[in-house]
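**Q** Please work out how this folds:
(chains A and B)
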Amino acid sequence: MKNAIKNAVAEAAKAYGAEGYEVKMGSSTSAAVEALKDDISSVTYDKSKSISVRCVKGGKSGYASGNIVTPEEAAELVRRACESALVVDDADEVPLFEGSPEYKEVEKKEVVIPSAEEMIKETMDLQTKIMACEKVVEGSQSFMQVSASESSFFNSAGLDLDYESGYVAKGAVAAVKDGDDAEENYEMKFADEISNDELVKLAYDGAVAKLGGKPVDSGKYNIILENGAMRSILSVFSGVFSARSAFLKTTLFAGKEGEKVASDIVTLIDDPFHEKKFGHCPFDAEGVAVYTKSVIEDGVLKTLLYNRMYAKKFDTETTGNATSAKGIGVQGLYLKPGELTEEELLEKLGDGLYITGLQGLHAGVNAVSGDFSLQASGFLVEGGKKTRAVKNITVADNYYKLLFKVTAIANNLSFGTGSSFGAPDVMFSDISVSGN
Amino acid sequence: MLDKKTMSELIAIVLHGGADFVEVYSEYSKANSVSYSNKKIETVADSVHGGVGIRAFVGTKTYFGCTSDLTPSGLRECAERVAQAVGSPVQRIPDFYLTERIPTNIHPIKTIPSDVPAAVRAELLRAACTKAYEYAPEIVQVQGGISSNEKNFIVANSEGLYTGDRQVRTRISVSAVASDGKENQTGGSNPGRSMGWELFDSVVNPEEVGKEAARQAMVNLRAVPCPSGKMTVAIGNGFGGVIFHEACGHSLEATSVGIGMSQMAGRMGQQIANPKVTAIDDGTIPNGWGSCNIDDEGMPMIKRTLIKDGILTSYMIDRLGSRRMGMPSTASGRREDYSYEPTSRMTNTYIANGPDKNEDIIKSIDNGIYAAAMGGGSVNPFTGAFNFAVREGYIVRNGEICEPVKGASLIGTGSEILMNIDMVGQNMETAQGMCGSSSGSVPTDVGQPLIRVSDITVGGSK
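**A** Next up, the predicted model:
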């Protein structure tokens, strides 16, 4: 199929007068089973494809995409991309990419989609276990997901790359009640990371621990963000490192390379191949080989993240961080872990808050100003021990200031299941909390 | 899109697997976008999106398959996968005949946006964004976009339904960044409708959109950090309705009510809100952003009164929710596209005008916040906990609107805030949003007049 598409694109590009083209194709097959109460609630199967085309005409780029992948549709995408190119103001300042000297060899992870019967059996085992827990209510759910995908990239400069990946994941949602108090907790892990018993225990214990939560008094607190909450913060503010944002003046890190932007113990690394991260695609959306680099080292901003277009504008080299059309994103951004265990970090905190959940991340943050105000939940910490659950509070600060408030970092680095962000537990001083 | 015969054959394959209900959804959609940043038209892109989703029920269990491989073998494989998952093969299936129903078109469209030349679309966007730059020298960056979407679908099921709709939506958005060299603040405006390109002839003036984005950014640039704690808050009309959408609307969807995961389950006929609150979900508002002629399960669209004078009068129910709850569908089944199973969703949801004069609401507050414009938010329907961001807010002191504040959010629980809405004003307006849930992202309107919440937690950084 790929060859038929390549031929169709090449012919159409010639016919519509494109000076060059770049094509990304993807296909994936996935299956999922969900259980609710004492039975399977849904079984789904999804087979999908995608294609996106960039054509250069008159020195400018136009884009078109679709999910019906046939030679005829591909030719039509070329026609529309050529039309769009003529309307754009921005001239391409870089020619199509001819290829990096070398691409990292990555291990192929072959995933076979199991039969519905096998997946149902595995999911029901989880569901039976979660429903057997003491305080759970009917809304508790379990699920299993399997996905296998392929992506490929080719362009008129002769570059031709392929990548395959896949995963098997399972999860549980424990909903618990104690009197009028209701809580839920969601856990999802790769299937080879954890047994069903351990996953259910993690989900259930997490939900029960949240019971009895109430706000604390408003004020300034020293807090720890649990690794998951810290990942969320890294993720929503990741745009501050984008050279596109710097060019558009929407990040305060514009022109700050070499300056101190965080507390000395902060080192942020963008590593596409970290062993704990899912997906190790060796090339970015422009076909550039990806690699590991420090974004912040010992509190000093070392580099922003570039694609080829913005690298040219800033007279530097791409960092292999191209995403979609003209976009820039992280490959595997994580905060370098410290030496302390989770318990030692709590002890160091002494009195304060241990924040496990942050909500409203799509709304309560201003990625341009750095201001955030987020609903949070977690635990009150007194004398280095978690003493009770806390909920319905907000934590508010500013991302740029927050980076200077890091006072200690634990050693429990974790990437979210399928996430491009990683973090350990992190301690901060003097954070605004509103509650009572 | 698939013809009637193919859809019939796919339904029959899955019925042979032992399902008691089968639905086939065939979609072909086109989307176009133009984007602007840094004083230039940055990208022009369009996409074509199509596929087939096949869903089966056995009681309240669902089986679903979808594919973008529309070859006869690709479609057959998808149907057979679903039949195998159902897993109780039967020799004889009930007779069914697909009978076409044509829905009444209450949202007429004049000009298909994808047929408007990209250069024309680009110039209109440029005019809107230029106005934002012209508003003040502190406006250092303006980004904007115009997007349009045309969704065509046919839905057929084993009860003999065969119907479809063509839904066209157009929206413009402009966001502006104001900077004094030390600090950046933002403002935005993004109106849209279920309309074609005629949106810009009659309803939306693009230059006003640009000005509004810049005005809000400038207000935020001179704003002071918001105080935190429990306060009385007045919430402005339009997007202020996100408070109801998040704090109550989601809890009334069968998606959560039907599985006992909502605080509102089992509360029909009870007082759940202050008697001044009447709330409506109306998918029939002509050309409304969240309007449709039929839902994605083929049911003709209706208007639902969710809360009447504080009393819970209706949930929002889709076909699966109807089975789970033993109540009829309210034509609330929606999905982003063929690759999602439909579930109960809102359309245009708003708090109706109430008895209080707007000026009396502000005058009644001694010390609190006026949240003139709200941002998005989220809610956990099980615990009722919600939060949302204030995009433009002011201190209210002794009944007067005073200095602007930044970095504020409102948090609480749904049941609590509904009772605490103790004044309802008279300038109801709707505003556009995209709502995310298990069936993907769908366009919804939120809305309300100015309201007063007697007591709510304000999260600020002061």
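
**Q** did I read that right, residue B:9 in a strand?
**A** No. Per DSSP: H, G, I helix; E, B strand; the rest coil, residue B:9 lies outside any strand segment and is helix.

**Q** Do you know the pLDDT at it?
**A** Looking at residue B:9, its pLDDT reads 97.

**Q** What score does the residue in the stretch 201-350 of chain B that chain A sits nearest to have for pLDDT?
**A** Taking C-beta to the nearest C-beta, chain A has its nearest neighbour within the stretch 201-350 of chain B at residue B:228, 3.3 Å off. Every C-beta, even on glycine, is put in place using the N, C-alpha and C of the backbone. On the pLDDT scale, residue B:228 is placed at 88.

**Q** That one reaches residue A:393, doesn't it?
**A** No. Using C-beta atoms under 8 Å, residue B:228 makes no contact with residue A:393, being 9.7 Å away.

**Q** can you list residues touching both of the two?
**A** In terms of C-beta atoms under 8 Å, 6 or more residues apart in numbering or on different chains, residue B:228 and residue A:393 are both contacted by the residues A:434, B:459.

**Q** just to revisit the earlier point, is there a neighbour count for the nearest residue to the residue of the stretch 201-350 of chain B closest to chain A once chain neighbours are set aside? I'd like the number.
**A** In space, and not counting its chain neighbours, residue B:228 is closest to residue A:434: 3.3 Å by C-beta to C-beta, 6 or more residues apart in numbering or on different chains. By other C-beta atoms under 10 Å in any protein chain shown, 30 other residues sit near residue A:434.

**Q** which residues does residue A:434 bridge with?
**A** Beta bridges link residue A:434 to residue A:394, judged by DSSP bridges.

**Q** Now do the same for it: its pLDDT.
**A** Looking at residue A:434, the pLDDT reads 86.

**Q** With residue B:409 instead?
**A** 87.

**Q** ok, it touching residue B:390?
**A** Yes. Applying C-beta under 8 Å as the test, residue B:409 and residue B:390 come out as touching, 6.4 Å apart.

**Q** Quick check: buried residues in the helix or strand where residue B:230 lies?
**A** Using DSSP states H and E, residue B:230 sits in strand B:229-235. For strand B:229-235, a neighbour-count test (16 or more other C-beta atoms under 10 Å in any protein chain shown) marks B:230-235 as buried.

**Q** Same list, those, but only the ones touching chain A.
**A** residue B:230 (C-beta under 8 Å from any C-beta of the partner chain).

**Q** And the helices in the stretch 151-300 of chain A?
**A** A:196-210, A:227-236, A:243-247 (DSSP state H, counting those that start in this stretch).

**Q** would you turn the ones you listed into TSV with distance to residue A:42?
**A** Formatted as TSV, these follow (distance: least, C-beta to C-beta, whole Å):
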stretch	distance to residue A:42
helix A:196-210	19
helix A:227-236	26
helix A:243-247	39
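
**Q** Residue A:217: which of the ones you listed is closest?
**A** Counting by C-beta to C-beta, residue A:217 lies closest to helix A:196-210 out of the helices of the stretch 151-300 of chain A; the figure is 19.7 Å.

**Q** Spell out whether the closest one and chain B are in contact.
**A** No. Helix A:196-210 stays clear of chain B (C-beta under 8 Å from any C-beta), getting no nearer than 9.0 Å.

**Q** And for that helix, what's in contact with it?
**A** By C-beta under 8 Å, 6+ apart, helix A:196-210 touches A:122, A:125-126, A:129-130, A:133, A:135-136, A:170-176, A:183-187, A:189, A:194, A:377, A:379, A:389, A:391.
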